[in-house]
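**Q** Got a predicted structure here, sequence first:
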Number of protein chains: 2
Amino acid sequence: MAPNRPTIKDVAALAGVSKSLVSLAMRGSDRVSAESRAAIIEAAAQLGYRPNAAARSLADRRSHTLGVVVLDLLNPIYAEIIDGVQGEVRQHGYHTMLVTGNDNPVIEQGEVEKLLEFQVEGLVLIGHRMPAGSLDAIAGDCPAVVISRAERGIAGLDSISNDDVSGARMAVDHLVSLGHRSIAHVTGGGNEVALLRKFGYEQSMTDHGLAEQIACYEGAFTDEGGYRGAAAALDSDRGHTALFVANDIAAVGALAAVADRALNVPTDVSIVGYDGMALASLRSLSITTIAQPLARIGSEGAGLLFLRIGDPTRPPAHIGVEPRLIVRNSSGACHT
Amino acid sequence: MAPNRPTIKDVAALAGVSKSLVSLAMRGSDRVSAESRAAIIEAAAQLGYRPNAAARSLADRRSHTLGVVVLDLLNPIYAEIIDGVQGEVRQHGYHTMLVTGNDNPVIEQGEVEKLLEFQVEGLVLIGHRMPAGSLDAIAGDCPAVVISRAERGIAGLDSISNDDVSGARMAVDHLVSLGHRSIAHVTGGGNEVALLRKFGYEQSMTDHGLAEQIACYEGAFTDEGGYRGAAAALDSDRGHTALFVANDIAAVGALAAVADRALNVPTDVSIVGYDGMALASLRSLSITTIAQPLARIGSEGAGLLFLRIGDPTRPPAHIGVEPRLIVRNSSGACHT
DNA sequence: ACGATTTGTTGGAACGTTCCAACACTTTCG
DNA sequence: CGAAAGTGTTGGAACGTTCCAACAAATCGT
């Protein structure tokens, strides 16, 4: 609107000093006399001066900006992670460019490319869909961290995720402690995370001497998938009294399958989900779940990235965080 | 990692042409001979050249970037709106810097300031918390659009939102058509949107000759608020057979209140929510709702912004979009 | 009292692009 | 055949910052 935005030069002219001094003052250097500083601040305020971040980043070759790529904003667990990332980033005085891949690898690639053009100093990938090759290439170009997935041994790339195997074991332990023996698992499909959770379930069942009770029903990380898997489990003749469902959304679907059969939760069948999304705590759902510390995963992930920015040659690190059991109304003692 | 990123000069040297020509070629000008173009592309690929967006935006004084400020990422309806915005923005070849206000006006202000330093060409405010004064100031500085709230008459500022009054009327109409007469309203608190919905409810009730049946119970746009309001409604002696709840999250809470009293939905009491968030469609909730076209609101909002960027002097516009009724299992015929 | 330090301040060169006026060559065509 | 129009290319100036070497003025230590 203003005919032309004021620049550092205009401020200098009005304050009667050189542009260099204005530059120093704006960044709060202590080598500026009180008088000059006052004059400069006054002039800047009067003109409505705002530093130009593009020029700044060009001149000192640092953008003070991080790129955050998230698979899909609609997934509430990612939103909670992002909140953690943003907090940490703000603390470091950095900024954030957030883009979505829309669950589409091609778009995702393009967005990453754009972020790199913006000279972001680091990349946070939340639930990416990148083929291993390009992940490698990116990490070679720019410090990066992968959140909520374990990547090991790629140079320049750190990662952080919750320990899915151990979380799945907690779910089974909890159900066993309530007296359940015929505990079925509704899977989350063929992806890595789902397989880890399934593995943890099988391990824990075996450890409890329930190996022959192991029963997996094919599901997915969706309402629909959970419904389908739970339906199959309930309609089987194995008399399952408890269901460990691969994630919370699917657990919501499982709840519906139980209701459709005029059974009650948790009296007839107990349900445990995974993720600890806020939604699972709503009183009409009240799902017992294995909660990931989502915000912490976000902030520690960002922390990892800042470490790498500080020392780009450090060896790749992976942090595994422990999930924790939150007991709600969807699980209860076994009555049979 | 590379000692120094290659610049346009390096590409020029390798291809044996001037930097100006490389600049032209990179932007796909047709004034470049086929030979030169080939040589340049080859050289760029070989060096892994990537244009520097900061330098570009400095030189042509356009950032090709929009700032998006969202009140709170955790609210799923905002996530759906953002998706719409991003789609539209991508179509225009622009980029997006997304920041959150964390529901905190001070942080929100700071983030907006940063976006302006980045020379964003426009601002999308989704559910802001800005005092009217600073909104004014911002709009004077930079084209802006407010999404999901109606702002009228501020120069340089457009807005788009669904028509809450008309949506609330639809909810009541639906319930009346099912035979309900004692229809209560669980409010969403004192905010503008909640008041509009309440107003629509009262209007429609009056239009149907049910003025003396009007009954509002204090709630909020939360699970807890919906539970509280619905509890009060159900415990009253007015025999309400239907509840119009101010938004979907609150409707989920209302569902719990009904269940706690050993009543059934929709046999004993019908429930209608508002917003049309994806969550309301989960089969174990299956809430009848007044759905806002969230993605469309996002993309049309962004469209408005592009119009204003094209012509900064156009008079402020407001778009009201019609919500629509989605009937699910939480509403049914009145049985009393 | 005089060089050494400290305290403020300065102009100019970067940073990596885009734009522009200018150029050398073709080609067109009246 | 010569002027006009087109085609491809170029170097240099700009964009708004930060950095650096240099400097003038004030203060210090002996």
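**A** Arrived safely, thanks for sending.

**Q** For A:Ala43, which three-state class applies?
**A** helix (DSSP: H, G, I helix; E, B strand; the rest coil).

**Q** cool, and A:Gln46?
**A** helix.

**Q** Now A:Asp10. Its backbone dihedrals?
**A** Main-chain torsions, A:Asp10, degrees, to the nearest 10: phi -60, psi -40.

**Q** Likewise for the one 10 residues further on?
**A** The main-chain torsion angles of A:Ser20 are listed as degrees, to the nearest 10 and equal phi -60, psi -40.

**Q** Now do it, the pLDDT please.
**A** Predicted confidence (pLDDT) for A:Ser20: 96.

**Q** Relative to B:Val124, how far out is it?
**A** 37 Å (Cβ to Cβ, to the nearest Å). Glycine gets a C-beta too; all of them are placed from N, C-alpha and C.

**Q** elements contacting the host helix or strand of A:Leu195?
**A** According to DSSP states H and E, A:Leu195 maps onto helix A:192-207. With contacts taken as 3 or more Cβ pairs under 8 Å, 6 or more residues apart in numbering or on different chains; DSSP states H and E, helix A:192-207 sits against helix A:164-177, strand A:183-186.

**Q** which of these is buried the deepest?
**A** strand A:183-186 (a mean of 28; mean count of other Cβ atoms under 10 Å in any protein chain shown).

**Q** who does that strand pair up with?
**A** strand A:215-217 (parallel), strand A:242-245 (parallel) (DSSP bridges).

**Q** Tell me the pLDDT of A:Gly332.
**A** For A:Gly332, pLDDT reads 97.

**Q** dump the residue contacts of it.
**A** Listed by Cβ atoms under 8 Å, 6 or more residues apart in numbering or on different chains, the contact set of A:Gly332 reads A:178, A:266-267, A:270.

**Q** just A:Val272 next, same as before
**A** A:171, A:174-175, A:242-245, A:251, A:287-290, A:330-331.

**Q** Identify the residues contacting A:Arg283.
**A** A:Arg283 makes contacts with B:223, B:227, B:252-253, B:256, as judged by Cβ under 8 Å, 6+ apart.

**Q** how close does it sit to DNA strand C?
**A** For A:Arg283, the distance to DNA strand C equals 55 Å [Cβ to the nearest atom of the strand, to the nearest Å].

**Q** now A:Pro312
**A** A:Pro312 is 18 Å from DNA strand C, by Cβ to the nearest atom of the strand.

**Q** Provide the secondary structure category for that residue.
**A** Here A:Pro312 is coil, with the state taken from three-state DSSP.

**Q** one step back: which of the contacts of A:Arg283 lies at the shortest distance from A:Gly110?
**A** Within these, the smallest distance to A:Gly110 is 37.1 Å, found for B:Val252 (Cβ to Cβ).

**Q** Which of the three states applies to A:Val68?
**A** At A:Val68, secondary structure determined by three-state DSSP is strand.

**Q** Burial check on it, number of neighbours?
**A** 27 (other Cβ atoms under 10 Å in any protein chain shown).

**Q** Could you point out which residue ranges in chain A have low pLDDT?
**A** Low-confidence segments of chain A (pLDDT under 70): A:1-3.

**Q** Would you state the helices of it in chain order?
**A** A:8-15, A:19-26, A:34-47, A:53-60, A:76-91, A:105-117, A:132-141, A:164-177, A:192-207, A:223-235, A:248-260, A:294-310 (DSSP state H).

**Q** Which one of these lies nearest to A:Arg324?
**A** A:Arg324 sits nearest to helix A:164-177 of all the helices of chain A, at 7.6 Å, using Cβ to Cβ.

**Q** one step back: among the helices of chain A, which is the most enclosed?
**A** Of the helices of chain A, helix A:248-260 is the most buried (mean count of other Cβ under 10 Å), at a mean of 25.

**Q** How far off centre is that helix?
**A** How far helix A:248-260 lies from its chain's middle: 24 Å, per Cα atoms, centre = their mean, to the nearest Å.

**Q** Can you add distance to DNA strand C and give the contacts of A:Arg283 back as JSON lines?
**A** JSON lines is the format used below for those (distance: Cβ to the nearest atom of the strand, whole Å):
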{"residue": "B:Asp223", "distance to DNA strand C": "50"}
{"residue": "B:Tyr227", "distance to DNA strand C": "56"}
{"residue": "B:Val252", "distance to DNA strand C": "50"}
{"residue": "B:Gly253", "distance to DNA strand C": "53"}
{"residue": "B:Ala256", "distance to DNA strand C": "57"}
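
**Q** would JSON lines of these with distance to A:Leu196 be doable?
**A** Shown next, in JSON lines, are those (distance: Cβ to Cβ, whole Å):
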{"residue": "B:Asp223", "distance to A:Leu196": "31"}
{"residue": "B:Tyr227", "distance to A:Leu196": "36"}
{"residue": "B:Val252", "distance to A:Leu196": "31"}
{"residue": "B:Gly253", "distance to A:Leu196": "34"}
{"residue": "B:Ala256", "distance to A:Leu196": "33"}
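
**Q** which pair in the residues you listed spans the largest distance?
**A** Most distant of these, by Cβ to Cβ, are B:Tyr227 and B:Val252, 8.7 Å apart.

**Q** ok, A:Leu196 touching A:Asn162?
**A** No - checked against Cβ atoms under 8 Å, the pair A:Leu196 and A:Asn162 is beyond contact range at 9.8 Å.

**Q** if we can go back for a sec, TSV for the helices of chain A, including distance to B:Val85?
**A** As requested, the helices of chain A are exported to TSV (distance: least, Cβ to Cβ, whole Å):
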stretch	distance to B:Val85
helix A:8-15	33
helix A:19-26	32
helix A:34-47	32
helix A:53-60	22
helix A:76-91	16
helix A:105-117	14
helix A:132-141	26
helix A:164-177	33
helix A:192-207	29
helix A:223-235	25
helix A:248-260	24
helix A:294-310	22
